[in-house]
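Visitor: Okay, structure incoming, though there's no sequence with it:
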């Protein structure tokens, strides 16, 4: 036990340093003019990025815990497609103008509500009724994704082309577009979910042992599953509503965290994943904005890397 | 004492456990035998609250498993199932430490560490303690799981086919260990066995099941009779006495 422990601690210390460096670089590089204004402006952005990194990392780790599987993530289960569907439906029935005009707060609230509700239903159906088969879950996720995408496509076909174009713009995750007015309420929601998670955190490692062993060790399994799935649904909804759909980001950071820590204990994996998420988002955004002067490309790069990891995991899993 | 009253469990239209009432005495080794599909493993899982029963009650030392908190039951009764796939990468010591979860909630005290070391010693796993589970052979992994269950330090141990995948030597070692757990540690061990000769040699009581019902239950000598065994398994079985133990012959 001591050796993996030391390795994981070292990894977390290094990651924490890197994360702080990324944040410092993001805040200070290339500042011209009024420091107070720039720091406040960038500070909000950093807070948003950290919040997204945290939500995605924690929700992915917990999702892998309850499914007992290292390949699944909430977004592979059709979340991104649902986000597109919600947006499209609103634009289709009420016109894009409505989408553009409704206050972001209202949109955010509605999106979080609908997505949490959908996730709760899907998870409940998948996990609380008898045996859960990995293949069934992946299939259901894919089928839902296809259904949502086709419904969206159907509506988009019948839409005004100009409206369609404006709508399509909002489907790509953008880390520079986080609305600062949503930060407060997002923080509050995520904080409540985190406190709930913290109170049952001692059982996370036990849940990795599977339903039967966890029950035998005294974890009230069903109740615990409902709580954790609820927490996941909230976290995923908040991050998707803030920046848009990001499919493979969670998988990327959690898989890297496993490689770096060497053991699967939540005490190590959770902080390592969150820190990696912050490094990826804040560090990546800094490099793109300051060094290459790009803007929206970060999500594409992250998705590309995450997608490759997903394929690697699948291939390795199949070989085993 | 474990008391089962009118226990029912139906899968689809086929009753898997059909109106079972049974009392399992404290201390000693009780083996559950019977043909495939008799409901032995289901019965064990029902007692350990791993699956929900359709009707009936189970009490463990007077505690009803429906109304007692899972955390409390975990300090009285532990179960080991046949297939124990674990998604995360653990060392033997990590796995055994999980046995202390009902007491320590993941923060091991010095007393917990001592229990972990004791369980590892009891199964002679000292040399393997820091190895990862996926680097071990099936028999070694089985022993690591037994160590975890022992480390849970419950009065009642339920083992579902603990001899599965073990060769003769390891199977005998496992049964001797179960015997020691009962005799030296004062545990009540209930296990599902397919090999009736192992059951005869090592257990105090035998419960025989067939088609979801308990058809016989009693001391070994009462069950290890040619007529009784033949009726349970629907085939001719001879019984011979060797060194004061009853051995069944069913090879032709």
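Guide: Yep, it's here. Note that the coordinates shown come from a computational prediction; the quantities given were computed from them, not determined experimentally.

Visitor: and residue B:129, backbone torsions?
Guide: The phi/psi pair for residue B:129 (degrees, to the nearest 10) reads phi -60, psi -40.

Visitor: Which residues lie in contact with the closest residue to chain B within the stretch 151-300 of chain A in this structure?
Guide: Closest contact between the stretch 151-300 of chain A and chain B, by Cβ to the nearest Cβ, is at residue A:218 (2.7 Å). All C-beta atoms are positioned from the backbone trio N, CA, C, and that covers glycine. By Cβ atoms under 8 Å, 6 or more residues apart in numbering or on different chains, residue A:218 lies in contact with B:69, B:70, B:71, B:72, B:73, B:74, B:75, B:101, B:102.

Visitor: and which of the residues you listed is nearest chain A?
Guide: Comparing the contacts of residue A:218 against chain A with Cβ to the nearest Cβ places residue B:74 closest, at 2.7 Å.

Visitor: doesn't residue A:32 fall inside a helix?
Guide: No - applying DSSP: H, G, I helix; E, B strand; the rest coil, one finds residue A:32 to be coil, outside a helix.

Visitor: Residue A:55 in helix, strand or coil?
Guide: helix.

Visitor: That one and residue A:187 touch, don't they?
Guide: No - if you go by Cβ atoms under 8 Å, residue A:55 and residue A:187 don't touch, sitting 10.5 Å apart.

Visitor: which of these two has more neighbours?
Guide: It is residue A:55, of residue A:55 and residue A:187, that has more neighbours when counted by other Cβ atoms under 10 Å in any protein chain shown, with 28 against 15.

Visitor: And the pLDDT for residue 108?
Guide: With no chain named, the answer covers chain A. Note for residue A:108: predicted pLDDT of 76.

Visitor: right idea, wrong chain: chain B
Guide: 82.

Visitor: ok, now residue A:171?
Guide: On pLDDT, residue A:171 comes in at 69.

Visitor: separation between the residue nearest the centre of chain B and chain A?
Guide: Among the residues of chain B, the one closest to the centroid is residue B:159, at 1.8 Å (Cα atoms, centre = their mean). According to Cβ to the nearest Cβ, to the nearest Å, residue B:159 stands 12 Å off from chain A.

Visitor: Kindly report the same for residue B:130.
Guide: Residue B:130 sits 7 Å away from chain A, going by Cβ to the nearest Cβ.

Visitor: so the nearest residue to that residue once chain neighbours are set aside bridges to which residues?
Guide: Closest residue in space to residue B:130, ignoring its immediate chain neighbours: residue B:91 at 5.5 Å, by Cβ to Cβ, 6 or more residues apart in numbering or on different chains. Beta bridges link residue B:91 to residue B:132 when assigned by DSSP bridges.

Visitor: separation between residue B:91 and residue B:102?
Guide: As judged by Cβ to Cβ, to the nearest Å, residue B:91 and residue B:102 stand 20 Å apart.

Visitor: neighbour-wise, which of these two wins?
Guide: Shown here are residue B:91 and residue B:102; by other Cβ under 10 Å, residue B:102 has more neighbours (23 against 20).

Visitor: Which pLDDT value does the model give the more buried one?
Guide: Residue B:102 is assigned 88 on the pLDDT scale.

Visitor: in which helix or strand would I find residue B:66?
Guide: Per DSSP states H and E, residue B:66 falls between elements, in no helix or strand.

Visitor: how about it, what does it touch?
Guide: Counting by Cβ under 8 Å, 6+ apart, residue B:66 touches B:57, B:58.

Visitor: Distance of it relative to residue B:80?
Guide: Distance of residue B:66 to residue B:80, computed by Cβ to Cβ: 22 Å.

Visitor: Low-confidence stretches in the chain?
Guide: Let's take chain A. Residues of chain A that meet the criterion pLDDT under 70 lie in A:1-4, A:80, A:96-101, A:123, A:126-135, A:137-138, A:171-177, A:293-297, A:317-320.

Visitor: The chain in question should be chain B.
Guide: Using pLDDT under 70, the flagged stretches of chain B are B:87.

Visitor: Grab the longest helix from it for me.
Guide: As assigned by DSSP state H, the longest helix anywhere in chain B is helix B:168-185.

Visitor: Now do the buried residues in that one.
Guide: Within helix B:168-185, the residues that count as buried by 16 or more other Cβ atoms under 10 Å in any protein chain shown are B:170, B:171, B:173, B:174, B:175, B:177, B:178, B:179, B:181, B:182.

Visitor: for stretch B:117-137, same thing?
Guide: By 16+ other Cβ under 10 Å, the buried positions in stretch B:117-137 come out as B:119, B:120, B:122, B:123, B:125, B:128, B:129, B:133, B:136.

Visitor: measure that stretch end to end?
Guide: Terminal residues of stretch B:117-137 lie 21 Å apart, using Cα to Cα, to the nearest Å.

Visitor: And the residue of the stretch 51-200 of chain A closest to chain B?
Guide: Closest residue of the stretch 51-200 of chain A to chain B, Cβ to the nearest Cβ: residue A:68 (4.3 Å).

Visitor: burial measure for that residue, as a count.
Guide: Around residue A:68 there are 19 other residues, counting by other Cβ under 10 Å.

Visitor: State the distance from residue B:181 to chain A.
Guide: Per Cβ to the nearest Cβ, residue B:181 is found 16 Å from chain A.

Visitor: what residues are up against that residue?
Guide: Taking Cβ under 8 Å, 6+ apart, we find residue B:181 in contact with B:122, B:150, B:157, B:187, B:189.

Visitor: Filter those down to just the ones in strands.
Guide: Within these, residues falling in strands by DSSP state E are B:157, B:189.

Visitor: Now distance to residue A:91 too, for the contacts of residue B:181, in a markdown table please.
Guide: A markdown table is the format used below for the contacts of residue B:181 (distance: Cβ to Cβ, whole Å):
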| residue | distance to residue A:91 |
| --- | --- |
| B:122 | 67 |
| B:150 | 62 |
| B:157 | 61 |
| B:187 | 66 |
| B:189 | 65 |
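
Visitor: Contact residues of chain B facing chain A?
Guide: B:45, B:48-50, B:69-75, B:78-81, B:84-91, B:93-94, B:98-99, B:101-102, B:105-107, B:130, B:149, B:152 (Cβ under 8 Å from any Cβ of the partner chain).

Visitor: how close does residue A:228 sit to residue B:110?
Guide: Separation of residue A:228 from residue B:110 (Cβ to Cβ): 31 Å.

Visitor: Which helix or strand lies directly C-terminal to the strand or helix carrying residue A:275?
Guide: Taking DSSP H and E as the criterion, residue A:275 maps to helix A:266-278. Using DSSP H and E, the helix or strand that directly follows helix A:266-278 along the chain is helix A:284-286.

Visitor: Spell out which residues sit in contact with the residue nearest to the spatial centre of chain A, please.
Guide: With distances taken as Cα atoms, centre = their mean, residue A:56 lies nearest the centre of chain A, 2.6 Å away. Taking Cβ under 8 Å, 6+ apart as the contact definition, residue A:56 lies against A:235, A:236, A:239, A:246, A:249, A:250, A:253, A:277.

Visitor: any chance of those residues in TSV, plus neighbour count and secondary structure?
Guide: Formatted as TSV, the contacts of residue A:56 follow (neighbours: other Cβ atoms under 10 Å in any protein chain shown; DSSP: H, G, I helix; E, B strand; the rest coil):
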residue	neighbour count	secondary structure
A:235	29	helix
A:236	27	helix
A:239	30	helix
A:246	23	coil
A:249	27	helix
A:250	28	helix
A:253	28	helix
A:277	29	helix
